[in-house]
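**Student:** Need a 3D model of the following:
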Amino acid sequence: MNAGPPIPAIDVAEAERRLREDPDRPLLVDVREKNEFVDVRAPGAVLVPMSTFAARAGELPQGRPLMIVCHLGGRSSAAAARTPGRRRSSLSARRRSSKRDSGSARNGPSARSWSTTE
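**Tutor:** Next up is the predicted model:
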């Protein structure tokens, strides 16, 4: 089976840039489990846990690029591999740019962001 082209891995700064500037409006898809998402999440992210991703991937809009995020990058890469033919990238919430990162995570029920912008 042909794995196809490699799936680009991007850092948080690049994801933020794409969310702000890409006219195709990328969709940020969080594949962590619900308990992880409740604790810390990016603004605007939609939750499609890896445990249900194969069954639910068809629900994702076809016309938008996907930025798939998890904690360390393994689950996001695996999920991105399940979306062949789509413009997609894998993002680790821990993958920071080489520049100094002043972003801070928000935790708990009102958690919204691990991002450096709102």
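**Student:** Spell out the residue ranges of the strands in this structure.
**Tutor:** Using DSSP state E, the strands found in the chain span residues 9-10, 27-30, 46-47, 66-70, 88-92.
**Student:** Compare these and give me the one nearest residue 17.
**Tutor:** strand 9-10 (9.1 Å; CB to CB). (Glycine included, C-beta is placed from N, CA and C.)
**Student:** pLDDT of the closest one, averaged?
**Tutor:** Strand 9-10 comes out with an average pLDDT of 92.
**Student:** Then stretch 63-73?
**Tutor:** 93.
**Student:** what comes up buried for it?
**Tutor:** 66, 67, 68, 69, 70, 71, 73 (16 or more other CB atoms under 10 Å).
**Student:** hang on, isn't the fifth one packed against residue 33?
**Tutor:** Spelled out, that is residue 70. No: at 9.6 Å, residue 70 and residue 33 do not qualify as touching, with contact defined as CB atoms under 8 Å.
**Student:** shared neighbours of these two, anything?
**Tutor:** residue 50 (CB atoms under 8 Å, 6 or more residues apart in numbering).
**Student:** could the buried residues of stretch 63-73 go into a markdown table alongside distance to residue 21?
**Tutor:** What follows is these, written out as a markdown table (distance: CB to CB, whole Å):
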| residue | distance to residue 21 |
| --- | --- |
| 66 | 17 |
| 67 | 13 |
| 68 | 19 |
| 69 | 18 |
| 70 | 23 |
| 71 | 25 |
| 73 | 23 |
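**Student:** Out of those residues, which is nearest to residue 91?
**Tutor:** residue 69 (4.3 Å).
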